[in-house]
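In: No letters, just coordinates:
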């Protein structure tokens with residue numbers, strides 16, 4: 001990629017950007033990025049073109065077709081090219097990886113049955129809000145405790161107890 005546009009794209013890039021090499025030639029990577037990512041990526045690439053940086057890595061969203069967007073890790077480096085500055089862009093599709101990470105994160109912070117935050121996450125969030133309370137921002141805390149819930153499970157069974165927890 002030069003400041004003017006794409007010089008070469010491999011088969012994987014053509015698949016990600018939904019185009020043949022001849023169509024991608026001369027296009028700019030910005031033509032394929034979500035509008036809100038363009039300025040941030042432009043700033044990073046400009047540092048490569050001017051020589052103030054040798055490499056950069058960031059995440060951005062590629063949008064190439066209606067309802068088709070992919071989260072990519074952009075790894076860019078300046079190439080030792082005589083004359084016009086050239087950078088190599090590696091676009092690594094991390095969409096599925098990020099979805100899996102987000103799913104795993106949800107599993108670690110919520111109760112599987114109720115979807116409520118677990119104790120560890122509540123403590124973490126509470127600490128954040130209490131720190132803001134020290135800055136003069138009002139905070140309210142509500143805690144719910146179910147007394148004698150074991151009796152519901154023992155009397156009506158765990159399936160009914162689970163329904164009761166979900167309703168609560």
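Out: Nice, thanks for sending it over. Computed from a prediction, not measured in an experiment: that's the story for all the values here.

In: For the helix or strand containing residue 74, which strands pair with it and how are they oriented?
Out: Using DSSP states H and E, residue 74 sits in strand 68-79. Strand pairing for strand 68-79, using DSSP bridges, gives strand 55-65 (antiparallel), strand 86-93 (antiparallel).

In: how about the longest one: buried residues?
Out: Read that as strand 55-65. 56, 60, 62, 63 (16 or more other Cβ atoms under 10 Å). In short, each C-beta sits where N, CA and C put it, glycine included.

In: For the second one, which non-adjacent residue is spatially closest?
Out: Just to be clear, that refers to residue 60. The shortest distance from residue 60 to any non-neighbouring residue, by Cβ to Cβ, 6 or more residues apart in numbering, is to residue 37 (4.1 Å).

In: do you know which of the strands paired with strand 68-79 lies nearest residue 12?
Out: strand 86-93 (8.3 Å; Cβ to Cβ).

In: can you list contacts of the helix or strand bottoming out on mean pLDDT in the chain?
Out: Lowest on mean pLDDT, DSSP states H and E among the helices and strands of the chain sits helix 119-133, with a mean of 86. For helix 119-133, the surrounding residues in contact (Cβ atoms under 8 Å, 6 or more residues apart in numbering) are 109, 110, 117, 139, 141.
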